[in-house]
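# Coordinates only, no sequence provided:
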């Protein structure tokens, strides 16, 4: 932890985090004299020394001192020493305000100094940069963001440009308005038991005084590069509370209070995972002030980045306090957004099963074709089964004939029954997320580029690169839609010409449907460390396997009700896991789904 005046300047790996309750700096002078600037300059020069960069010697001017044209350096700056580092800092400070004197310019190589300035600027921007604004409640967020974040960005960018112009004596002809300040700004408020939901007594000391995020400012597209790009292993259920006798330092932790469907979940994360924690803004709606002032306890709690933990990635069903809690350890091996997202959804699933709802791992869509009645389609399947890819293909195939496709659930949700009278029951689907965590490898490129200005991109240079984009408002997520079609996404079976394995196969009974859905077979697509053909109970390893008796009871009840209600139940062969069909398979699946929607609507007309 480094103090920058009254400002805290932290570095965690590739993250720079500034904690402040006031402007980071008011002008160029404060920026250049801050400990933060000096620290970044020192780190940059350490990198140059480690690579033995030629810039270290080339900064000094050379003149002809002999008749045979032998040259010697007379520059005073030795960047391999602390003294040279101090002299460079003085030179940069001067050049931020005016062109250095002719005597100074005679001793240096201006072109090389300009390269150092550009290198320093790029080095600063290579970090994921955050400012956490610790402000009292009631301050207008736009004013705070404008006065602190926008001002800081302007000061950094203008300082860089003034340095470069004064050293070279030239003005640029092209100006690029790159993100020069921070990528993300958070407004947090102190924990106040009178203004936030009441934590159960067993948790108050553990999470005491940890600030709550109330507003988030993001400069998209935001690109982050976490150390890990896959999940490994499953989540285990504990028979003890992992937070017993623990106390998390409030200066190192932040809480993102999330609306996960209809549930309120407190997501606490250590600031070393701030880049992943900030990405939650594109996935889960931030809880409202009204929700946090109601005095209602959260439905679930997650702590992400727990140090010195032997619990692993795990959850606990706290029946005493009617709450589900989860824990994820610190460490680079857990620096993957999937751990954060999936543990939150695991807690959601546990809570929903215990409340009599059937959780699902899949996508729920409201599809309205021109001249047809809207249909609500639920596609259930494991990660990489082809759900997202088939949806994107459906968008392309139906272009011009689709009035609306509304995503109710992108990855996880739950189902309720509307009536206790089994002859009149409807299955009502609800979502959990306002955003989507989509694999770039298989995403339709036109859709990806269309959303790039709102996106958070992770590991773009690696396999299983991902994008987090907002896709639907919270009102649609929690509203509830009567389901018309339920399909299992089968990515491992080829389509046969003799119709034994059609693209879209209907099941004739609840039992035949449950046999396929419960087996949960899928061909792994590399989103986890699993490979080959896998089996996961109900294609949902996030809670149901640990509550299999309860889930089986719920599944039988809901699928029987669906069959009686005339809901189409079947499986959709996306063929995504079959080599050579990564594109063709989802396109064929989308076409079959469109035909089903239109034919069924024709039958109803």
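Received, thanks. Quick caveat, the model's predicted, so the values are computed rather than measured.

# Please enumerate the helices of the stretch 501-605 of the chain.
510-519, 548-564, 584-604 (DSSP state H, counting those that start in this stretch).

# And for the shortest one, what's in contact with it?
Helix 510-519 is touched from outside by 380, 486, 488, 490, 507, 535, 537-539, 552, 555-556, 559-560, 562-563, 569-571, with contacts defined as CB atoms under 8 Å, 6 or more residues apart in numbering. Quick note: C-beta positions are derived from backbone N, CA and C, even for glycine.

# I would like a ChimeraX command selecting only the buried ones among the residues you listed, please.
Of these, the buried ones go into a single ChimeraX selection, burial set by 16 or more other CB atoms under 10 Å:
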select :380,486,488,490,507,537,538,539,555,559,560,562,563,569,570,571
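
# Mind telling me what element residue 105 is part of?
helix 102-107 (DSSP states H and E).

# residues of that helix that come out buried?
Going by 16+ other CB under 10 Å, helix 102-107 has these buried residues: residue 107.

# What of stretch 515-527?
516-518, 520-525, 527.

# one step back: any chance of the helices of the stretch 501-605 of the chain in CSV, plus distance to residue 244 and mean pLDDT?
Shown next, in CSV, are those (distance: least, CB to CB, whole Å; pLDDT from 0 to 100):
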stretch, distance to residue 244, mean pLDDT
helix 510-519, 35, 96
helix 548-564, 25, 96
helix 584-604, 47, 81
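
# where's the dip in pLDDT among the buried residues of stretch 515-527?
Across the set of the buried residues of stretch 515-527, residue 527 stands lowest in pLDDT, at 59.

# before we move on, back to that, so can I have TSV of the buried residues of stretch 515-527 showing distance to residue 462?
Listed next are the buried residues of stretch 515-527 as TSV, based on distance: CB to CB, whole Å:
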residue	distance to residue 462
516	33
517	32
518	34
520	27
521	27
522	22
523	21
524	17
525	14
527	12
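
# and which of these is nearest to residue 465?
Looking at these and their distance to residue 465, the nearest is residue 527, at 10.9 Å (CB to CB).

# still on that earlier bit, can you tell me which of the buried residues of stretch 515-527 end up in strands?
Of the buried residues of stretch 515-527, the ones assigned to strands by DSSP state E are 521-523.

# Distance check, the closest residue to residue 545 other than its chain neighbours against residue 548.
Of all residues not flanking residue 545 in the chain, residue 537 sits nearest, at 4.7 Å (CB to CB, 6 or more residues apart in numbering). Using CB to CB, to the nearest Å, one gets 6 Å for the distance from residue 537 to residue 548.

# One more: residue 95?
Distance from residue 95 to residue 548, by CB to CB: 68 Å.

# check contacts around the residue nearest to residue 178 when sequence neighbours are not counted.
The shortest distance from residue 178 to any non-neighbouring residue, by CB to CB, 6+ apart, is to residue 125 (6.7 Å). Counting by CB under 8 Å, 6+ apart, residue 125 makes contact with 178-180.

# Could you dump these into TSV and include pLDDT and neighbour count?
Output for these, formatted as TSV (pLDDT from 0 to 100; neighbours: other CB atoms under 10 Å):
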residue	pLDDT	neighbour count
178	87	12
179	87	16
180	92	21
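
# low-scoring pLDDT stretches of the stretch 301-450 of the chain, where are they?
Where the stretch 301-450 of the chain drops to pLDDT under 70, the residues are 420-424, 441-450.

# Can you show me the helices along it?
So, for the stretch 301-450 of the chain - with DSSP H, counting those that start in this stretch - the helices run 337-354, 387-397, 445-450.

# what comes up buried for stretch 329-338?
Per 16+ other CB under 10 Å, stretch 329-338 contains these buried residues: 329-330, 334-338.

# For residue 280, state which of those is nearest.
For the buried residues of stretch 329-338, the nearest to residue 280 is residue 337 (8.8 Å; CB to CB).

# Tell me, how many residues neighbour the closest residue to the closest one other than its chain neighbours?
Distance criterion CB to CB, 6+ apart; nearest residue to residue 337, sequence neighbours excluded, is residue 276 at 5.2 Å. Residue 276 has 25 neighbours, counted by other CB atoms under 10 Å.

# and after the helix or strand harbouring residue 276, which helix or strand comes next?
Assigned by DSSP H and E, residue 276 belongs to helix 274-279. Heading C-terminal from helix 274-279, the first helix or strand you meet, by DSSP H and E, is strand 285-286.

# Check which helices and strands that following strand sits against.
strand 212-218, strand 253-260 (3 or more CB pairs under 8 Å, 6 or more residues apart in numbering; DSSP states H and E).

# mind putting the ones you listed in JSON lines, mean pLDDT included?
Output for the helices and strands packed on strand 285-286, formatted as JSON lines (pLDDT from 0 to 100):
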{"stretch": "strand 212-218", "mean pLDDT": "93"}
{"stretch": "strand 253-260", "mean pLDDT": "97"}
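
# deepest of those strands, which one?
strand 253-260 (a mean of 23; mean count of other CB atoms under 10 Å).

# could you give the mean pLDDT of the helix holding residue 105?
Across helix 102-107, the average pLDDT comes to 82.

# who does that helix touch, helix- and strand-wise?
Contacting helix 102-107 under the criterion 3+ CB pairs under 8 Å, 6+ apart is no other helix or strand.

# how much space is there between the residue nearest to residue 178 and residue 16?
Distance of residue 125 to residue 16, given as CB to CB: 10 Å.

# host element of the nearest residue to residue 133 once chain neighbours are set aside?
With CB to CB, 6+ apart as the criterion, residue 133 has its nearest non-adjacent residue at 4.8 Å, and that residue is residue 187. Residue 187 belongs to strand 184-189 when assigned by DSSP H and E.
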